[in-house]
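1. The sequence isn't on hand, but the structure is:
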Ligand SMILES: [Zn+2]
Ligand SMILES: [Zn+2]
Ligand SMILES: [Zn+2]
């Protein structure tokens, strides 16, 4: 965190040095990511991504959309607009925040080019994979999580309604947000995230969207059950068969 001198922010452990929450999914030659926050450009460069087929959005908070302008590089090489999978309300926010990209009078050739694919709470497909949206709550704000086969990704939630919890039940891998140990108004705490993992009966759970207030990666992880791990930047996970 800018300006912070706590043990986590000064830590030399690379697992304590985090960019914004995002995930890149590669399956059978199709590659897409979930969210494009302020670190999107750096994350794409760091992961050596040379082709991106789509971006899925969970919600329109700045830490999940602010990097969208940098899809220009993918537009440049593919010659195509970037498909964005988002709810109508996220689309409205993106149109507002990146209004210059939607202004028909703006003919500057370096504009990001995007095309929307509307999603709601119904399953949709990218490539061969079917993706099941999961509607969770972020201090009252609707946020989409995604179940992709036996992997579920949920960020920025502090509540999962029972019907949605049923949809993710039995996911073998659960990636879920846990901000810190203390409760928070819009994010699961460590204890709450573990309770969701137990209800889902996930084989392995990775915690994401972690704040520096969580404490040092090595110390926190040593206190956790072996099936609950803290995610870290550049962590790579095999999708269960
Ligand atoms: Zn700090
Ligand atoms: Zn958020
Ligand atoms: Zn967030």
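-> Arrived safely. Just so it is clear, the structure is predicted and the values come from calculations on it, not from any experiment. Ligands and ions are numbered 1, 2, ... in the order given.

2. How about the residues of this protein by ligand 2?
-> Residues of the chain lying near ligand 2 by C-beta under 5 Å from the ion: 61, 156. All C-beta atoms are positioned from the backbone trio N, CA, C, and that covers glycine.

3. Which strand runs longest in the chain?
-> strand 129-138 (DSSP state E).

4. Can you get me a residue count around the closest residue to residue 51 other than its chain neighbours?
-> Spatially, and ignoring its direct neighbours in sequence, residue 51 is nearest to residue 31 (6.1 Å; C-beta to C-beta, 6 or more residues apart in numbering). Using other C-beta atoms under 10 Å, residue 31 has 17 neighbouring residues.

5. what angle separates the helix or strand containing residue 31 from strand 129-138?
-> Per DSSP states H and E, residue 31 falls inside strand 30-34. Put simply, strand 30-34 runs at 0 degrees to strand 129-138, going by axes from the mean of the first three to the mean of the last three C-alpha atoms, to 10 degrees.

6. What's the first helix or strand after strand 30-34?
-> helix 40-46.

7. so for that next one, what's the average pLDDT?
-> The average of the pLDDT scores along helix 40-46 is 98.

8. What lies in contact with that helix?
-> Applying C-beta atoms under 8 Å, 6 or more residues apart in numbering, the external contacts of helix 40-46 come out as 19, 22, 24, 52, 66, 67, 68, 70, 73, 234.

9. Confirm the last one sits in a helix?
-> It stands for residue 234. No. With DSSP: H, G, I helix; E, B strand; the rest coil as the criterion, residue 234 is coil rather than part of a helix.

10. wait, doesn't residue 134 sit right on residue 154?
-> Yes. Look at residue 134 against residue 154 with C-beta atoms under 8 Å: they come within range, at 6.5 Å.

11. still on that earlier bit, just checking, what packs against the next helix or strand after the longest strand of the chain?
-> Toward the C-terminus, strand 129-138 is succeeded by strand 141-148 as the next helix or strand (DSSP H and E). Judged by 3 or more C-beta pairs under 8 Å, 6 or more residues apart in numbering; DSSP states H and E, strand 141-148 is in contact with strand 129-138, strand 151-154, helix 162-168.

12. ranking those by burial, who's on top?
-> strand 151-154 (a mean of 26; mean count of other C-beta atoms under 10 Å).

13. Give the pairing partners of that one; include direction for each.
-> Here strand 151-154 is paired, per DSSP bridges, with strand 141-148 (antiparallel), strand 173-177 (parallel).

14. and among the ones you listed, the most buried is which?
-> By mean count of other C-beta under 10 Å, those have strand 173-177 as the most buried, with a mean of 26.

15. Could I get the average pLDDT for that strand?
-> 98.

16. Give me the contact list for whichever helix or strand comes after that strand.
-> For strand 173-177, the following helix or strand on the C-terminal side (DSSP H and E) is helix 190-200. Helix 190-200 has contacts (C-beta under 8 Å, 6+ apart) with 152, 158, 160, 165, 168-171, 174, 176-178, 180-181, 183, 188, 205, 207, 214, 220, 224-225, 227-228.

17. again, but for stretch 170-179
-> 21, 23, 147, 150-157, 168, 187-190, 192-194, 196-197, 200-211, 213-214, 231, 237, 239-240.
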